[in-house]
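Student: kindly generate the corresponding structure for this input.
(2 chains, ligands or ions: 1)
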Amino acid sequence: MNAPESGGKVKTEFTVLGTTPMRQDGMEKVTGAARFGDDIHLPGMLHGKLLRSPHAHARIKSIDTRKAAAMKGVRAVITGADMPTLNAGIIAAGEGGEVNMQDIADNCMARDRVFYDGHVLAAVAADNPHIAEAACGLIEVEYELLEPVLNVHDAIKAGAPVLHEEYTPGAFLFPTQKALPNAGRLFLEHGDVDGALAACDFVVEREFSTKAVHQGYIEPHVTTAEWTSEETLTIHTSTQGAFAIRDFLASFMNMPLSKIKVIPMEIGGGFGGKDVVYIDSVAAVLARKSGRPVKIFMSRSEVLRGTGPSPETFIRVKMGCNKAGQLQAADIYLLYEAGAYPGGPIAPGTLCSLTRYNVPNVRLDGYDVFLNKPKMKPYRAPGATQSNFAAESTLADLAEKAGIDPIEMRLINALKPGDMMPMGFPCPPLGSIEMLNAIKTHPHYTAPLEGENRGRGIAYGFWFGAGLASSAEIRANSDGTVNLTTGSADLSGTRNTLGMQAAEQLGIDPALITTNVGDTDSVGYTFQSVGSRTTFATGIAVISACKKLIGEMARRAAMVWEVDAAEVVYAEGMFRLKGDADKRMTFGELCAKADHTGGPLLADASEFPEGVGFQIAANIVDVEVDPETGKVDILRFTALQDVGKAVHPDYVEGQMQGGSVQGIGWALNEEYVFDDQGRLSNPTLLDYRMPTALDVPNIDCTILETPNPGHPFGVRGVGEVPIVPPPAAIRDAIKNAVGIHLCELPMKPAVVLKAIRDQQGNS
Amino acid sequence: MHSFEFSTPTSVSEAVAMLAEQGANARILAGGTDLLIGMRAGRLQPGLVVDAKGIPELLEYQLGSDGLRLGAAVTCRTLYDDPGVVEGYPALIEAVSIIGGIPTQGRATVGGNLCNAAPSGDTIPALIALGAVATLIGPDGPRQLPVEAICLAPGRTALAANELLLSIHIPAPVANSGACYQRFIPRNEMDIAVASVGSSVVLSADGGTFESARIALGSVGPTPIFAQAAGALLAGQPVSDASLQQAADAAEAAATPINDMRGTIEQRKQLINVLTRRTLREAVSRAQA
Ligand SMILES: Cc1cc2nc3c(=O)[nH]c(=O)nc-3n(C[C@H](O)[C@H](O)[C@H](O)COP(=O)(O)OP(=O)(O)OC[C@H]3O[C@@H](n4cnc5c(N)ncnc54)[C@H](O)[C@@H]3O)c2cc1C
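Tutor: Model prediction:
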């Protein structure tokens, strides 16, 4: 990871940023006019269905597709043997790591082995989905069952069944190293951890376990593949990044990038779960074989079984401080499931465990553990919620043991701007102290909390966020309106937040700007909408394109006035000639002159910003625990976050509230439950319990704005960090309500009840 | 989903004739909120689906001095929309107004909930506590069974293959009586009971002594359980924390839960104890009001 750039001067006075214009896609969404992936109906289109393994670990001895292929209405049946073998299996992933593309391809369609319950091993395209489903049932598979590896502890034991005889260690965010037959490792150490711990006045050691949780997007995965010629492929899909889908497909199909066009449809949520290919390549191969377009639409249970959740983890934390509450040392050991293939979120999980505090002596030992579960995927601040729960809870218990106020404990140890970060560079501007002080004085924190079995908790969280490549193209029309196109999928209102940045930079009314999500043929390369990067990084590309456009328009004005372009200045939507008050033209007036000054007005820009500002958030939460049933009700919830600059404050609050709700679900009830053979027992939204409207109170938001020097308007990523602190905050509130020190997620009623009873038994 | 025949009879006799001909191959569709889900998952594959919602007799209900007679296809929503039913049968309302969300309640029926015979069916413990009686009808005419005799195993009922549920009769509440239904779920709506209890009590005129009580349990056995002994031991006892606790302990003893992903044996037994106490307390306060 690179040090953030110091950046140029940051603008602090705004006309557009900070306002809340109507969402451009809002009306279409509420009237149902917006087109999602399943709204694609092409002439002659077939429907694809997938055959998924009922076994967590097995060798495929044979697959007989003859009966399925013979069924009336079936147009193509494929298995792993029909999928192309990759020309380039392993590619560089930055920071010296590598990504094994063959793993990602095999995750879409198994070749000789299935690695988890739900792993796809064959597919059918037929005239309608019912025929395709029935035909899947006619495919005969002979399996040789292999012993499944079902938890991180078993996976790293000597003699455990080995998933991959050879593997490329995972490199999500940061590379891991080959360490064990079923695990890659990330190890960081500085100082004398054992010596410092031995010298501490207070030490707390705890072991935490958390369960796998799904992103829970409303819209299941859907894609339609069409070969528009022998060698050109068009994909309509629901994705967080059309270019990523294009790149994966080019690799899986051994095709040139230019021959694949990916058209991103409106998306019903992603949260990290829609940044990769699952069904697009399968649809493409079915379409090629049948000679017809093929749509594949996953059911909810396929989404839960076959796509990647955030992993189950085991985390041991040992942390010590002196009498003054200054942290002296921390020793953290983390086992994160990678799932069926390497590359889970162990690195960000490990790195975010402590990054918000200054700890002089640290050992971080993280493992990316392969086992027979779905390939784990990013989910909103990937890996950080789990390690935050562990480290933040240990810190809270340490403060309790040392008799130090929980906010003081955090203030004493908080990472401040200029402090050295574990990655080896100083912390950029960040409102850490301001945020912790804001908790102290918040009316929620100072309000009395009355009633039995009620408690208040707090927690503080950190997340990196991402920069990476973005492109934008901007056109000024002859009537003064503007079309802005970027390559960023809009998951959360980013068409507006990008259009608003353009309006701010151009000095025009945001209503004049229409922002589009481009397909891969229509705009420059743009990395996925992940890592809270779109408003930040694509925003920088938009601002650059606007600057170029204004430069070009100033040149045109100079042409009209027959002066040197350097004599033209632009501010607040008006071009002026220096020193001549009569020479002025509005943005719109100049647009109308485009044809006479050299033709259409357009500009584009691509950027790869490094000045990610980092994200911090905190929660204050009140709960009531029913000591007879173990049920926890959230009474009041406040989310605080440093957002740099809130471009559209309503959307910022939406992100804070949405992330908090997902965090509440993770804390209280969400979990993957597997049986002893590794089959997912709860692939439905009845038994995979996401919070309902009655389970969450209104989430009050406090927005703090410490400008990020890495963005011209001070913007930092917003979307991810809100999910980080809620489990630790709720755990703290439960502790303060009934005195139990929970160390597992979810803190569901049975867990809480057992802890209360154990405590009663002990006292 | 498999393909099947769909029929829309307009009289009970027509429906009975279809069942007589098709036997176990036929299934009645009331709201379909269990049936269609089972069919979509492939668990149920009837060759003939018989729509109950075109049969006027099954859609009617009568609220009179002898109680509430519910046609088998009356929806949950119909019941909680009727102030008379809300007033007279709060325990039933507590059950029907937590089945799914509002859209589900507009389709789902009490009859379907009973005939689906899930251990967790929310109306069943309430109906048992209220002393409800079901009327079944087949080619040989109608017969009556108390609700506690309907469910035999998960998804299996005492109905013969050629019988359908015609109606459910709940006796009118007597003086000094009260009832309550509560379930425990990990969330606050849209969930399946980890454990549930329906209780009804009849008190002495001064409200101080139990004359009789009925307690029924959900989700703690293969069928909803009529915890007859737990209710019976209250007869003649004073209303007190101690007597409530005795009944709760007896109800807990009658529960035969299993461990599954929705709850543990220990947790479910504890919940039965807690919910029995809580529902009895509420039933008592309703009786005293
Ligand atoms: C989203 C959702 C949430 C739900 N939540 C709950 C809940 O909280 N609590 C709960 O208890 N249930 C719940 N259910 C299950 C279901 O809604 C209830 O059991 C409902 O009462 C079933 O009624 P129905 O009319 O839809 O039955 P149907 O699905 O029409 O029928 C159920 C079964 O009974 C049979 N049947 C129906 N009527 C007759 C008859 N007259 N004679 C003979 N057999 C008959 C059918 O053949 C079928 O086997 C939920 C379902 C959904 C979809």
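
Student: all strands of the stretch 1-150 of chain B, in order?
Tutor: B:5-7, B:26-29, B:48-51, B:61-64, B:67-71, B:133-138, B:141-146 (DSSP state E, counting those that start in this stretch).

Student: setting aside sequence neighbours, what's the nearest residue to the closest residue to chain A within chain B?
Tutor: Going by Cβ to the nearest Cβ, chain A is nearest to B:Asn188 of chain B, at 3.8 Å. Glycine gets a C-beta too; all of them are placed from N, C-alpha and C. What sits nearest to B:Asn188 in space, not counting adjacent residues and going by Cβ to Cβ, 6 or more residues apart in numbering or on different chains, is A:Leu694, at 3.8 Å.

Student: now do B:Val85
Tutor: B:Leu79 is the one closest to B:Val85 (Cβ to Cβ, 6+ apart), at 5.0 Å.

Student: would you check that the one you found makes contact with B:Ile99?
Tutor: No - counting by Cβ atoms under 8 Å, B:Ile99 is not a contact partner of B:Leu79; they are 10.6 Å apart.

Student: near chain A, which residues of chain B?
Tutor: Those residues of chain B that sit near chain A, judged by Cβ under 8 Å from any Cβ of the partner chain, are B:1, B:3, B:184, B:186-192, B:194, B:261-264, B:266-267, B:270-271, B:274.

Student: just the element for residue 251, please.
Tutor: If you meant another chain, say so; for now it's chain A. Secondary structure from DSSP states H and E places A:Ser251 in helix A:242-253.

Student: that was the other one, I meant chain B.
Tutor: Residue-wise, B:Ala251 maps onto helix B:241-254 under DSSP H and E.

Student: which neighbouring elements make contact with that helix?
Tutor: For helix B:241-254, the packing partners by 3 or more Cβ pairs under 8 Å, 6 or more residues apart in numbering or on different chains; DSSP states H and E come out as strand B:210-218, helix B:228-232, helix B:265-288.

Student: among the residues of chain B next to chain A, which ones are buried?
Tutor: Among the residues of chain B next to chain A, those scoring as buried are B:184, B:186-187, B:190-192, B:194, B:262-264, B:267, B:270-271, B:274 (criterion: 16 or more other Cβ atoms under 10 Å in any protein chain shown).

Student: redo those residues as TSV? Include pLDDT and distance to the ligand.
Tutor: What follows is these, written out as TSV (pLDDT from 0 to 100; distance: Cβ to the nearest ligand atom, whole Å):
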residue	pLDDT	distance to the ligand
B:Phe184	98	12
B:Pro186	97	13
B:Arg187	96	11
B:Met190	91	6
B:Asp191	94	7
B:Ile192	96	6
B:Val194	98	12
B:Arg262	94	13
B:Gly263	94	15
B:Thr264	93	21
B:Gln267	95	19
B:Gln270	97	21
B:Leu271	98	16
B:Val274	98	19
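
Student: those residues: which two are farthest apart?
Tutor: Farthest pair in these (Cβ to Cβ) is B:Met190 and B:Gln270. Separation: 23.4 Å.

Student: show me the contacts for the most centrally placed residue in chain B.
Tutor: In chain B, the centroid-proximal residue (Cα atoms, centre = their mean) is B:Ile124; its distance is 1.8 Å. Listed by Cβ atoms under 8 Å, 6 or more residues apart in numbering or on different chains, the contact set of B:Ile124 reads B:113-114, B:147, B:151, B:216, B:218, B:224.

Student: between the residues you listed, which is closest to A:Ile620?
Tutor: Of the contacts of B:Ile124, the one sitting nearest to A:Ile620 (Cβ to Cβ) turns out to be B:Gly218, at 37.7 Å.

Student: just the pLDDT for the closest one.
Tutor: Listed pLDDT for B:Gly218 reads 98.

Student: just A:Asn87 next, same as before
Tutor: pLDDT, A:Asn87: 89.

Student: check B:Glu14 too.
Tutor: At B:Glu14, pLDDT is 97.

Student: could you tell me how many residues sit around it?
Tutor: When neighbours are counted by other Cβ atoms under 10 Å in any protein chain shown, B:Glu14 registers 14.

Student: low-confidence ranges in chain B?
Tutor: Along chain B, segments meeting pLDDT under 70 are nowhere present.

Student: run through the residues that contact the nearest residue to A:Pro175 once chain neighbours are set aside.
Tutor: Excluding its sequence neighbours, the residue lying closest to A:Pro175 (Cβ to Cβ, 6+ apart) is A:Gly97, at 3.1 Å. Neighbour list for A:Gly97: A:169-171, A:174-176 [criterion: Cβ under 8 Å, 6+ apart].

Student: what separation is there between A:Gly97 and A:Gly170?
Tutor: 8 Å (Cβ to Cβ, to the nearest Å).

Student: list the buried residues in stretch A:540-558.
Tutor: Neighbour-count burial for stretch A:540-558 [16+ other Cβ under 10 Å]: A:540-546, A:548-550, A:552-554, A:556-558.

Student: same question, stretch B:153-161
Tutor: For stretch B:153-161, by 16+ other Cβ under 10 Å, it's B:155, B:157, B:159-160.

Student: the residues you listed in strands, which ones?
Tutor: Assigned to strands by DSSP state E, the following of these qualify: B:Thr157.

Student: from the buried residues of stretch B:153-161, pick the one nearest A:Lys323.
Tutor: B:Gly155 (64.1 Å).

Student: phi, psi of the closest residue to the closest one other than its chain neighbours?
Tutor: Take B:Gly155 and drop its neighbours on the chain: the residue closest to it by Cβ to Cβ, 6+ apart is B:Ala117, 5.4 Å away. Backbone torsions of B:Ala117, given as degrees, to the nearest 10, read phi 50, psi 40.

Student: surely B:Ala117 and B:Ala158 touch.
Tutor: No - using Cβ under 8 Å, B:Ala117 is not in contact with B:Ala158, being 9.3 Å away.

Student: before we move on, back to that, greatest separation within the contacts of B:Ile124: which pair is it?
Tutor: Farthest pair in the contacts of B:Ile124, by Cβ to Cβ: B:Asn113 and B:Ala216, 13.8 Å.

Student: between these two, who's got more neighbours?
Tutor: Just comparing B:Asn113 and B:Ala216: by other Cβ under 10 Å the higher neighbour count belongs to B:Ala216, 29 against 25.

Student: partner residues bridging that one?
Tutor: For B:Ala216, the beta-bridge partners are B:Gly198, B:Phe226 (DSSP bridges).

Student: residues in contact with it?
Tutor: Counting by Cβ under 8 Å, 6+ apart, B:Ala216 touches B:124-126, B:128-129, B:148, B:197-199, B:224-227.

Student: same thing with B:Val201?
Tutor: B:177-179, B:210, B:212-213, B:234, B:280, B:283-284, B:287.

Student: against which helices or strands is the helix of greatest length in chain A packed?
Tutor: The longest helix of chain A (DSSP state H) is helix A:539-561. For helix A:539-561, the packing partners by 3+ Cβ pairs under 8 Å, 6+ apart come out as strand A:470-476, strand A:482-486, helix A:494-506, strand A:568-571, strand A:574-577, strand A:580-586, helix A:587-592, strand A:601-607.

Student: joint contacts of B:Ala117 and B:Ala158?
Tutor: B:150-152.

Student: of those residues, buried ones?
Tutor: Buried among those (16+ other Cβ under 10 Å): B:150-151.

Student: from the shared contacts of B:Ala117 and B:Ala158, pick the one nearest the ligand.
Tutor: Distance to the ligand, by Cβ to the nearest ligand atom, is smallest for B:Ile150 among those, at 10.0 Å.

Student: which SSE is the residue lying closest to B:Gly218 once chain neighbours are set aside in?
Tutor: Excluding the flanking residues, the one nearest B:Gly218 by Cβ to Cβ, 6+ apart is B:Ser196, at 3.6 Å. Element membership for B:Ser196, per DSSP H and E: strand B:195-203.

Student: and for A:Lys29, the neighbour number?
Tutor: 13.

Student: quick check: phi and psi at the nearest residue to it once chain neighbours are set aside.
Tutor: Closest residue in space to A:Lys29, ignoring its immediate chain neighbours: A:Glu266 at 7.5 Å, by Cβ to Cβ, 6+ apart. With angles defined as degrees, to the nearest 10, A:Glu266 sits at phi -60, psi 150.
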